[in-house]
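Visitor: Fold the following, please.
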Amino acid sequence: MKFATITTVLTAAGTACAGLIPGGNGGYKNPFSPIPGYPIGNGLCLTDQRAQFIVDAFKTILTAQDRKVANDVAQTLIADGYVEESDSINFLAGYPLGGPSFSGKQTYIAGVVNAPAIPGMDTLDIFHDCTHIAWRWNVPHLGLNKYPVKGINHFTVTQPNKGTVIQDNLEFNSIAWGQDIGWTCQPPAGGPSN
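Guide: Sure, this is the predicted structure:
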């Protein structure tokens with residue numbers, strides 16, 4: 001009888017206080033992760049919740065109108081030693097193809113948070129295994145709004161119980177992106193070949 005009463009009181013107190021404890025997860029902070037709200041899970045592998053959380057956080061870095069918010073999220077989500085590789089970015093930026101687009105956490109963060117926010121981004125699919133996430137996305141409106149831009153990111157998560165991203169390999173329709181930001185592209189003389 002006493003045990004049942006104590007259990008009921010503790011459960012009620014825990015439920016009442018859950019919303020007051022910072023960190024999400026029903027009010028519980030993940031002791032392994034520096035990221036507020038990162039899901040607690042069993043084992044050291046990504047879960048559906050963890051993968052979704054990482055994608056949502058990364059999306060915030062790219063789309064938050066308040067670039068300070070983008071910076072704060074990036075500081076916790078991006079791991080030291082971060083590398084991003086994208087021939088799509090390299091082509092648009094005039095970097096050599098096949099090399100890194102960003103090398104180092106602070107280089108990436110400075111490059112991204114000092115750029116204008118992407119006005120909107122839709123998640124099409126998320127797939128994951130223990131330490132990798134594939135995220136398909138669509139940007140329906142960008143710049144001159146000529147074309148929607150679809151792409152895919154492949155994240156490598158250093159320690160899934162911490163939720164930090166160490167590498168991102170991504171590609172997207174760089175011709176559509178270029179046209180949306182004012183580039184002009186002409187088809188070859190004589191039109192497309194069959």
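Visitor: Provide a list of residues in contact with residue 72.
Guide: Residue 72 makes no contacts at all, as judged by C-beta atoms under 8 Å, 6 or more residues apart in numbering. Backbone N, C-alpha and C define where each C-beta goes, glycine included.
Visitor: before we move on, which element is it in?
Guide: Using DSSP states H and E, the element containing residue 72 is helix 67-77.
Visitor: Any buried residues in that helix, and which?
Guide: Using 16 or more other C-beta atoms under 10 Å as the test for burial, helix 67-77 gives 67, 70-74, 76-77.
Visitor: Ok, stretch 131-140 next?
Guide: Buried, per 16+ other C-beta under 10 Å, within stretch 131-140: 132-135, 137, 139.
Visitor: can you dump the C-alpha coordinates of the helix holding residue 72 into PDB?
Guide: C-alpha atoms of helix 67-77 as PDB (Å, rounded to 0.1, in the frame of the first residue of the first chain):
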ATOM      1  CA  ARG A  67      21.000  33.800 -38.100                       C
ATOM      2  CA  LYS A  68      22.000  33.900 -34.400                       C
ATOM      3  CA  VAL A  69      19.600  30.900 -33.900                       C
ATOM      4  CA  ALA A  70      21.300  29.200 -36.900                       C
ATOM      5  CA  ASN A  71      24.700  29.800 -35.300                       C
ATOM      6  CA  ASP A  72      23.700  28.500 -31.900                       C
ATOM      7  CA  VAL A  73      22.200  25.300 -33.400                       C
ATOM      8  CA  ALA A  74      25.300  24.800 -35.600                       C
ATOM      9  CA  GLN A  75      27.700  25.300 -32.700                       C
ATOM     10  CA  THR A  76      26.100  22.300 -30.900                       C
ATOM     11  CA  LEU A  77      25.200  20.100 -34.000                       C
END
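Visitor: Leaving out chain neighbours, which residue sits closest to the residue sitting nearest the centre point of the chain?
Guide: When the chain is reduced to its mean C-alpha position, the closest residue under C-alpha atoms, centre = their mean turns out to be residue 58, at 1.9 Å. Closest residue to residue 58 apart from its sequence neighbours, by C-beta to C-beta, 6 or more residues apart in numbering: residue 77 at 6.5 Å.
Visitor: Let me know whether the one you found touches residue 158 as I believe.
Guide: No. Applying C-beta atoms under 8 Å as the test, residue 77 and residue 158 come out as separate, 10.9 Å apart.
Visitor: Give me the common contacts of those two.
Guide: Taking C-beta under 8 Å, 6+ apart as the contact rule, residue 77 and residue 158 both touch 164-165.
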